[in-house]
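>>> Take this sequence and fold it.
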Amino acid sequence: MKLEKVKFMLMAADMKRAVAFYRDVIGLDEVFVSDFWTELRHGDAIIALHGGHDGRRNPTGLSLQFDDVLAMAETIREAGATILQPPTQREGEPILLGIYRDAEGNEVFITQYIG
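Numbers count the residues shown, from 1 in each chain. This is a model prediction of the structure:
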């Protein structure tokens, strides 16, 4: 048996709002959209949205890397997400690292490689 795909699932209290955020703000492409299950992608990476969530806090472990994470953090904030930790460099790490919580309750890391 061969593994075909890996999908990372986030929860959605409001599917239309979640799709709009991850498509229009984060920049993912729609693959499949429905009220209860949606798949978006960047290259071969698939982010799935599962409907029916109550919006409670959901730490995910998902990390999204950008070429300008400071500008993206501001864009994310303007789109209605909460910046829990502004992107900063931690000692010994070659990245800027921040965390946001989307309107669905998902907490996601945002990074920028700085070498």
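>>> Of all the helix elements in the protein, which one is longest?
helix 69-78 (DSSP state H).
>>> Can you get me a residue count around residue 93?
11 (other Cβ atoms under 10 Å). For the C-beta atoms, the positions are set from N, CA and C on the backbone; glycine is no exception.
>>> Alpha carbons of the longest helix of the chain, in PDB - could you do that?
Output of helix 69-78 as PDB, limited to C-alpha atoms (Å, rounded to 0.1, in the frame of the first residue of the first chain):
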ATOM      1  CA  VAL A  69       6.100  37.500   8.000                       C
ATOM      2  CA  LEU A  70       5.900  41.000   9.600                       C
ATOM      3  CA  ALA A  71       3.700  42.200   6.700                       C
ATOM      4  CA  MET A  72       1.700  39.000   6.700                       C
ATOM      5  CA  ALA A  73       1.100  39.300  10.400                       C
ATOM      6  CA  GLU A  74      -0.400  42.800   9.900                       C
ATOM      7  CA  THR A  75      -2.500  41.500   6.900                       C
ATOM      8  CA  ILE A  76      -3.700  38.600   9.100                       C
ATOM      9  CA  ARG A  77      -4.600  41.000  11.900                       C
ATOM     10  CA  GLU A  78      -6.500  43.300   9.500                       C
END
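>>> so what secondary structure elements neighbour that helix?
Contacts defined by 3 or more Cβ pairs under 8 Å, 6 or more residues apart in numbering; DSSP states H and E place helix 69-78 against strand 82-89, strand 95-101, strand 106-113.
>>> what does it rub up against?
25-26, 66, 83, 86-87, 96, 98, 100, 110-112 (Cβ atoms under 8 Å, 6 or more residues apart in numbering).
>>> Likewise for stretch 9-26?
Contacts for stretch 9-26 (Cβ under 8 Å, 6+ apart): 28-30, 33-36, 38, 40, 47-55, 58, 60, 62, 64, 75-76, 79-81, 102-106, 108.
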